[in-house]
Every structure is written in C-alpha cells, then in structure tokens.
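Enquirer: turn this into a structure:
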Amino acid sequence: MKVIAFYGSPRVKGNTHILLDEALKPIEEKGHEVISFKLNSMNIRPCQNCGGCDKTGKCVIVDDDMQEIYKAIREGDRFIISSPIFFFALSAQTKIMIDRCQAFWAEKYLLKRVIPEGQYGRKGLLLLAGGMKKDIGIKCAETTATAFFRTISVPTHETLAYLEVDAKGEILKHPTALKDAYEAGKRLIEI
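Expert: Here you go, the predicted structure:
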C-alpha cells in the first residue's frame, strides 16, 4: 500500500507536523510505503485558471514540483493532508497544491476519466489544528479538503481537528491528540 502525505504547515515541527508524524507511525510500522511532500519547501506555481486542462486533463504548467505530486496522486492508495488553520482556511501551502489539482477535476468531471481505485481502494485522512475557539475554520478547511479528496477519487476520509492549539508544539499538551492521530493512522490502512 502506498500512502501519500502532505505536510501543509510552513512551521517545521509545528502542531500539524507533529500530528502527521504520529499518524504515519503505525503506517511505517506495518511496512507500507510513505511518500511525503513538505509543501512549504516545494516549487509549486499557483493555478492560472487558464482552462488549459479542460480538454486534456493535464496542467499546462509543467516546470515545477507538481509533476511529482501528480504522479503520487495517481499511484497512491491512502492520502493524508495535515494543515494548520489560517484565517478559517487551509494553509496557503496546502491550498496552492489543491488548486493545481484542477487538472484532475477536469479529467474526472469534464473528460469522464476517473483515477482507478486500485487494489486497496482509496481513503483519506485530514489533520487540522488552529488557535481559534469556534469551529468555523475547521468547517471551511474540511469543505475544501473534501472537494480535493473527491476530485482525486478518494470517496471517504476521516478528519481530526483541534481548536485552541496555536503555539508551536502546543498539541503535545492536548490529552488525546497524539493517540488520536496514531489510531487514525491505523484505521487509514485498514482494508
């Protein structure tokens, strides 16, 4: 089984980075292949909304790091997005990657070519943390992530979200977050 992980935080060893590392532990313990993308350090140009992918299902931007991501998405079985909540949304690093998946949207919905589900099917996990007290940011971020998952033919996903977690490493003080993430990682690889 191939697991594709997207680190969406600009902060190394930040709260969602810690959650993602914890979710990956049981996956790695079982010997599954993990391909990780640290989005903040990648060269990804934003979607130009040019319509170039509408007739081909392929993005016209071909000279950046999205090519690695496109390949991984096609070959993956399980997908994890981990992102902080910034202004009630996924991080810019996460969103730029999602926006560039417009090519998959065109391929699926305009050209009627769906990514095959493969031997294990396709499932997702969304990990979120933010400093706000209200869950509106979680709801907004999850709506975007759901659209992304469905576009890349991931019919189901689980979400773990933590409010009032802002300072770097503050997630470590949460009474259940690390255990929650570890258990979610285990569930993700169940068939």
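Enquirer: show me which residues of stretch 143-159 are buried.
Expert: Buried residues in stretch 143-159, counted by 16 or more other Cβ atoms under 10 Å: 144-145, 148-149, 151-154, 157, 159. Quick note: C-beta positions are derived from backbone N, CA and C, even for glycine.
Enquirer: now tabulate these in TSV and tack on distance to Ala181, secondary structure and pLDDT.
Expert: Listed next are those as TSV, based on distance: Cβ to Cβ, whole Å; DSSP: H, G, I helix; E, B strand; the rest coil; pLDDT from 0 to 100:
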residue	distance to Ala181	secondary structure	pLDDT
Thr144	20	helix	96
Ala145	16	helix	97
Phe148	20	helix	97
Phe149	18	helix	97
Thr151	25	helix	96
Ile152	22	coil	97
Ser153	24	coil	96
Val154	19	coil	97
His157	14	strand	97
Thr159	12	strand	97
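Enquirer: how about the helices in this protein?
Expert: With DSSP state H as the definition, the chain shows helices at residue ranges 15-29, 66-75, 92-99, 102-105, 136-151, 177-188.
Enquirer: now these in a markdown table, with distance to Ile81?
Expert: Rendered in a markdown table, the data for these read as follows (distance: least, Cβ to Cβ, whole Å):
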| stretch | distance to Ile81 |
| --- | --- |
| helix 15-29 | 9 |
| helix 66-75 | 12 |
| helix 92-99 | 6 |
| helix 102-105 | 15 |
| helix 136-151 | 6 |
| helix 177-188 | 12 |
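Enquirer: and Leu172, what does it touch?
Expert: Residues in contact with Leu172, defined by Cβ atoms under 8 Å, 6 or more residues apart in numbering, are 18, 178.
Enquirer: roughly how far apart are the residue nearest in space to the middle of the chain and Gly51?
Expert: The geometric centre of the chain, computed from its C-alpha atoms, lies nearest to Ile81 (Cα atoms, centre = their mean), at 2.3 Å. Ile81 sits 26 Å away from Gly51, going by Cβ to Cβ, to the nearest Å.
Enquirer: check Ile191 too.
Expert: Per Cβ to Cβ, Ile191 is found 38 Å from Gly51.
Enquirer: then Ile61?
Expert: As judged by Cβ to Cβ, Ile61 and Gly51 stand 13 Å apart.
Enquirer: these two - which one has more neighbours?
Expert: When Ile61 is set against Gly51 and neighbours are counted by other Cβ atoms under 10 Å, the residue ahead is Ile61, at 18 against 10.
Enquirer: could you list the paired strands of the longest strand belonging to the chain along with their orientation?
Expert: Taking residue count as the measure and DSSP state E as the definition, the longest strand of the chain comes out as strand 78-86. Paired strands of strand 78-86, with direction, are strand 2-7 (parallel), strand 89-90 (antiparallel), strand 123-129 (parallel) (DSSP bridges).
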